[in-house]
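Novice: For reference, the sequence and a predicted model appear below.
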Amino acid sequence: MIVLSREDVAALLPPETAIDVVAGAMSATSRGEAELPLRSIMSAGGPNKMGIMPGMMRNPPCYGVKLVSLFPGNTAAGYSSHQGAMVLFEPEHGTAVALMDGGPLTALRTAAASAVATRALARENSSVLAMIGAGEQARHHLDAIIAIRPITELRIASRTGKSATGFAEHARTTYPHLTVTCGTDVRSAVRDADIVCTVTNAPAPILQGAWIAPGTHLNVVGASIPSKREVADDMVLRAQVFADYRRSTFAQAGEIVDMIKAGAIGEDHVLAEIGEVLNGTVPGRTEGAAITLYRSLGIAAQDIACAHHCWQAAKRAGRGVETRL
């Protein structure tokens with residue numbers, strides 16, 4: 001078994017690589033080449049959650065399970081909100097061949113999935129990015145979106161001005177070509193933006209559909225359990241909605257679950273999985289003025305494919321610690 005640290009995962013899975021690996025996993029998922037039981041979530045006390053995400057892929061042939069904890073208060077203590085471990089198994093004998101830090105793996109593959117959706121759905125000349133949220137995922141999303149679209153302006157809106165300012169300073173230092181503004185007003189940040197990413201811990205909607213201009217692409221990322229939602233009903237109604245995986249979307253995407261239950265929309269309002277768009281079986285954006293919305297929940301296929309890549313790359317590079325269980 002190879003054990004990979006946080007630093008190993010980050011080095012082996014740069015944004016451009018993660019985007020390609022995740023695109024392949026999402027295409028394979030929509031071709032039926034993965035088995036993905038729904039994520040199990042349990043309380044770890046107060047707002048804290050523990051998730052179990054198993055899955056199997058036929059190409060590359062492997063399977064695994066990610067154990068991940070979500071502790072929203074970690075940021076104030078200097079820790080990532082997502083902690084965990086990913087275990088990868090080979091298919092011939094069922095041997096565990098790799099164990100790696102699940103925190104950076106989750107952060108990198110989540111941002112990569114949004115970039116895959118953005119590349120498939122956003123207008124090619126999109127240059128203005130609005131980031132709602134200023135934590136770890138915001139930084140990874142900035143790296144991923146810049147890798148696939150010509151972003152020249154970043155607008156940041158965060159619940160606290162301190163976090164927005166900190167992210168703005170990071171963005172200016174990392175990408176000197178960017179024009180960066182920051183504040184706490186979501187409506188101002190998204191006005192006439194080309195791409196909007198919501199990466200928050202908000203329990204209730206923070207984004208109204210009326211605020212979004214025609215032609216915008218949205219990545220709705222932060223609400224990963226049915227009891228939370230980042231966008232209002234009118235946002236869902238105005239948008240062409242795409243999912244990472246229909247089964248989990250209809251069970252765990254709060255706004256979709258609530259609106260179907262209320263009869264406001266049917267399941268057909270989710271037009272496609274991103275993998276179907278990538279595979280050419282379903283069209284993506286139908287017109288320049290359309291508003292497209294990618295509803296990200298994260299699926300085990302993304303984790304497994306990224307873990308498999310890290311395992312193979314670690315063997316080639318001689319990274320990690322080899323051990324026996």
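Specialist: Received the coordinates, thanks.
Novice: Show me how far stretch 27-36 is from its chain's centre.
Specialist: Mean-position distance between stretch 27-36 and its chain equals 18 Å (C-alpha atoms, centre = their mean, to the nearest Å).
Novice: where does stretch 8-28 sit relative to the chain's centre, distance-wise?
Specialist: 12 Å.
Novice: Now do the helices for the stretch 1-150 of the chain: every range, in order, please.
Specialist: 6-12, 15-30, 102-121, 136-146 (DSSP state H, counting those that start in this stretch).
Novice: Looking at those, which is nearest to residue 241?
Specialist: helix 102-121 (10.6 Å; C-beta to C-beta). Backbone N, C-alpha and C define where each C-beta goes, glycine included.
Novice: what's the angle from that closest one to helix 136-146?
Specialist: 40 degrees (axes from the mean of the first three to the mean of the last three C-alpha atoms, to 10 degrees).
Novice: which residues pair with the closest residue to residue 91 other than its chain neighbours across the strands?
Specialist: Sequence neighbours aside, residue 61 is the residue nearest to residue 91 in space, at 4.5 Å (criterion: C-beta to C-beta, 6 or more residues apart in numbering). Beta bridges link residue 61 to residue 58, judged by DSSP bridges.
Novice: Would you map the helices across the stretch 151-300 of the chain?
Specialist: Using DSSP H, counting those that start in this stretch, helices in the stretch 151-300 of the chain cover 161-174, 186-190, 233-238, 246-252, 254-261, 274-279, 300-317.
Novice: The residue nearest to residue 91 contacts residue 88, correct?
Specialist: No. Counting by C-beta atoms under 8 Å, residue 61 does not reach residue 88; the two are 11.5 Å apart.
Novice: Among these two, which residue is more densely surrounded?
Specialist: Taking neighbours as other C-beta atoms under 10 Å, residue 61 and residue 88 compare with residue 88 leading, 25 against 12.
Novice: Would you mind finding the most buried of the helices of the stretch 1-150 of the chain?
Specialist: Highest mean neighbour count among these (mean count of other C-beta atoms under 10 Å): helix 102-121, with a mean of 27.
Novice: Report the angle between that one and helix 15-30.
Specialist: Going by the same axes, to 10 degrees, helix 102-121 makes 80 degrees with helix 15-30.
Novice: Please state the mean pLDDT value computed over helix 102-121.
Specialist: For helix 102-121, mean pLDDT is 96.
Novice: got the CA coordinates for that helix in CSV?
Specialist: What follows is helix 102-121, C-alpha atoms only, in CSV (Å, rounded to 0.1, in the frame of the first residue of the first chain):
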residue,chain,number,x,y,z
GLY,A,102,-9.3,12.9,1.6
GLY,A,103,-9.4,16.6,2.3
PRO,A,104,-7.4,17.9,-0.7
LEU,A,105,-8.7,15.1,-2.9
THR,A,106,-12.3,16.4,-2.2
ALA,A,107,-11.3,20.1,-2.7
LEU,A,108,-9.5,19.4,-5.9
ARG,A,109,-12.1,17.1,-7.5
THR,A,110,-15.0,19.4,-6.6
ALA,A,111,-13.4,22.4,-8.2
ALA,A,112,-12.4,20.3,-11.2
ALA,A,113,-16.0,19.1,-11.6
SER,A,114,-17.2,22.7,-11.7
ALA,A,115,-14.6,23.5,-14.3
VAL,A,116,-15.7,20.5,-16.4
ALA,A,117,-19.3,21.8,-16.3
THR,A,118,-18.1,25.4,-17.0
ARG,A,119,-16.1,24.2,-20.0
ALA,A,120,-19.1,22.3,-21.3
LEU,A,121,-21.8,25.0,-20.6
